[in-house]
Structure formats: structure tokens, C-alpha cells
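**Q** Only the shape, not the letters, is given here:
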DNA sequence: TCCGTTCATCGTCTATCGCCGATGAACGAT
DNA sequence: ATCGTTCATCGGCGATAGACGATGAACGGA
């Protein structure tokens, strides 16, 4: 099934820190998920259906993408009767951005 | 073969801009490639063999990861006799970082 | 000239992604 | 009580990422 993605072993080919960073980027590595993040942050409502309408993908597919984003910690999820509510975790997203910035900086300082 | 990755169609589920961003993140979505970037930026030499020693992966595997990074535009490649030289494209990396920052900002401004 | 090193590519295998339709649970409204 | 909506999950399918070993080209040194 198209689950996990957050917890890939990748053997022991890299320190856990790099693995964590990579897992975060993996969540961002699909255009549909980028689009979902943009839509989520632009609107207030954030139920699954709305994303489905916006995205031209099957409901089940969107649900899976949302799940991946939630498991990556980039989106918060709150089951609310019929309309589950999804919300961007701005802090987490900023955190990913920070780690990428750190990587860029390490490239510049290490020259 | 484990090639492309940069040019996935993903149907028409998202605007080309999101696709471009996602493709960049896809290159960063593997711990080995993160590790390669770090190593590349920390050292001067940057031949394939060195990365292989550092990484505990088969030479062919490392070569593929390098190719992916090159195709994503994050690493510059210059065939130099025996020792091909690989070098981080700091500008490109900074560019990716900027687009992520932009995404984070759009989340905050759109609230 | 011959050998060792480096490296890109190929062929193969397995695991997983990403997509979908179908299904069933939960809920609101009639 | 019954229908329609929303949504998460399952099962299956096709594509491909990611790993490896083998191979051959290119080069340097003995």
C-alpha cells in the first residue's frame, strides 16, 4: 500500500539525522502534496472534500496524500464528525525550511 | 533503471511550478543524497571514489545518486580524465531553499 | 605493453509509490 | 428509518526507485 514513506529504513547508509531530514523532504517531493499545502494554507476550512475538488484526483488518492503529510508532521489532523479538519503545521514547515537553510549554510561555510 | 526522477509526469495533477519544486525536493528526499551533499560541500576533491568510501554503498549506487543530483541541477559535474569532479551548486541549493521559504511565507501570510 | 584504478552504464531484482474503484463506517437531513 | 455525503481504508495494478554485480571504456603507472 502507499503508506509509510516517513519510515523507510534505507539500511544504514546514512546517519539518522540525514534520514530524518530526507523523510521530511520526501513528503514534499510530490507536486500534489505541494499543491495541497498551498491550498491548505490559503484557506481556512481544510476538509478533505475541498482539497479533492481543487485537485482533480480521486478522493482516496487525496486522502492518502493527506495522510502522508500528517505522518510527516507537516499537517495537523483533527477528526471532526464528518468533516475532518486538516491544518498546516507552520512551525513544522518552518523547521524543515530551517534544516534546508542549515544545509545550504554548511555548504557555504565549508568552502 | 533508476534514472529520471527529475522528469516525472504526474499527469496534470498540479501546475508546472509545483512540479518543478517537487522535483527538486525529490532529489533531496534520500538520506544518501543528503549525505553526499554534505560530504561534497565539506571537501574539495569530490571524486566519485571518495564518496563511495565515505558512504558504504556500492560504486554503481553512488554513481546513480550523483547522477540524480546532477540532473536535478544541485550538483555540477565535470568529467576530468579518471576522476570526474563533482561540486555542489550552491546557488541552485540556495534557490531550492528560497522556494521552500516562500512556501512557508505563503502559509503565514495567507492566514 | 600490460595491469590496476576509476567510473558510467546496463540488466536484474525487490520494495514501494501513486493511482484508482469499491467498501463500510459515521453522520446529517428528510 | 432511509437516503446522501464525507472520509479512511483495502486490494490491486502499473511504474519506477533503489540496490547490486558485471561489464567495458578511459587512463596512469610499472
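**A** Here it is on my side, so go on. All values reported here derive from a predicted model rather than from experimental measurement. Residues are numbered from 1 along each chain as shown, chains lettered A, B, ... in the order given.

**Q** contacts for the top helix by length along chain A?
**A** For chain A, the longest helix by residue count, based on DSSP state H, is helix A:90-109. Under the contact criterion CB atoms under 8 Å, 6 or more residues apart in numbering or on different chains, helix A:90-109 has outside partners A:21, A:24-25, A:28, A:37, A:41, A:73-74, B:28, B:34, B:37-38, B:41-42, B:88, B:90, B:93-94, B:96-97, B:100-101, B:103-104, B:107-108. From N, CA and C alone the C-beta is placed, and that goes for glycine too.

**Q** Helices of chain A, start to end?
**A** Listed from the start of the chain, chain A has helices (DSSP H) covering A:16-27, A:31-42, A:48-55, A:59-71, A:90-109.

**Q** Deepest in the core, which of the ones you listed is it.
**A** Comparing those by mean neighbour count (mean count of other CB atoms under 10 Å in any protein chain shown), helix A:31-42 comes out on top with a mean of 23.

**Q** is any part of that one close to DNA strand C?
**A** Yes: applying CB under 7 Å from any atom of the strand, one finds that helix A:31-42 is in contact with DNA strand C at residue A:32.

**Q** in chain A, what spans have low per-residue confidence?
**A** Under the criterion pLDDT under 70, the flagged ranges of chain A are A:1-13, A:107, A:109-111.

**Q** at 90 instead, please
**A** Across chain A, the stretches falling below the confidence threshold (pLDDT under 90) are A:1-17, A:43-45, A:79-83, A:105-111.

**Q** tell me the centre residue of it?
**A** Within chain A, the residue whose C-alpha comes closest to the C-alpha centroid is residue A:69; the distance, by CA atoms, centre = their mean, is 3.4 Å.

**Q** from memory that one sits against residue A:75, does it?
**A** Yes: using CB atoms under 8 Å as the test, residue A:69 is close enough to residue A:75 to be in contact (4.1 Å).
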